[in-house]
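Participant: Quick one, fold the following:
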Amino acid sequence: GISNPSFMALHKATQRLFVVNEDADTPAGKVTALSFTQNQIQKLYEQQVQGNHPCYISIDANAKWLYTANYSSGDVT
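Facilitator: Modelled structure (predicted):
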């Protein structure tokens, strides 16, 4: 149920997994947030990024900011 996933970042304290959707046609790529337990993965939400084809994702140490590097648009969001 995730469109074109390519890179993931795990925030261990919250047990959230963030996945970039390497798309450009919606009109930009997205990040999908997932939560998981030992037996189940649940899709929490998707958020558009302001760039095309996000190919890398990172979370800052305080879990306040999430960064994506976007291949086609050549920027960081």
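Participant: and the helix or strand harbouring residue 67, what's its mean pLDDT?
Facilitator: Assigned by DSSP states H and E, residue 67 falls within strand 66-70. Per-residue pLDDT values across strand 66-70 average out to 93.
Participant: cool, and stretch 37-53?
Facilitator: Stretch 37-53 shows a mean pLDDT of 88 in the predicted model.
Participant: What distance separates the opening and closing residues of it?
Facilitator: Its first and final residues considered, stretch 37-53 spans 29 Å by Cα to Cα, to the nearest Å.
Participant: Could you give me the buried positions within that stretch?
Facilitator: By 16 or more other Cβ atoms under 10 Å, the buried positions in stretch 37-53 come out as 49, 51-53. Bear in mind the C-beta positions are built from the backbone N, C-alpha and C, glycine included.
Participant: next one: stretch 15-26
Facilitator: By 16+ other Cβ under 10 Å, the buried positions in stretch 15-26 come out as 16-24.
Participant: and if you look at stretch 3-19?
Facilitator: Result for stretch 3-19 [16+ other Cβ under 10 Å]: buried residues 6, 9, 16-19.
Participant: Also stretch 69-77?
Facilitator: 69-71, 73, 77.
Participant: So which of the buried residues of stretch 3-19 is the closest to residue 36?
Facilitator: Of all the buried residues of stretch 3-19, residue 36 sits closest to residue 17, with 6.3 Å by Cβ to Cβ.
Participant: Who does residue 11 form a beta bridge with?
Facilitator: Legend: beta-bridge partners of residue 11 under DSSP bridges are residue 16.
Participant: can I assume it is in contact with residue 60?
Facilitator: No - the pair residue 11 and residue 60 does not pass the contact test of Cβ atoms under 8 Å, sitting 10.0 Å apart.
Participant: about what we covered before: in TSV: the buried residues of stretch 15-26, plus secondary structure and distance to residue 35.
Facilitator: Formatted as TSV, those follow (DSSP: H, G, I helix; E, B strand; the rest coil; distance: Cβ to Cβ, whole Å):
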residue	secondary structure	distance to residue 35
16	strand	6
17	strand	8
18	strand	11
19	strand	12
20	strand	17
21	strand	17
22	coil	22
23	coil	22
24	coil	27
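Participant: which of those has the weakest pLDDT?
Facilitator: Minimum pLDDT across the buried residues of stretch 15-26 falls on residue 24, with 70.
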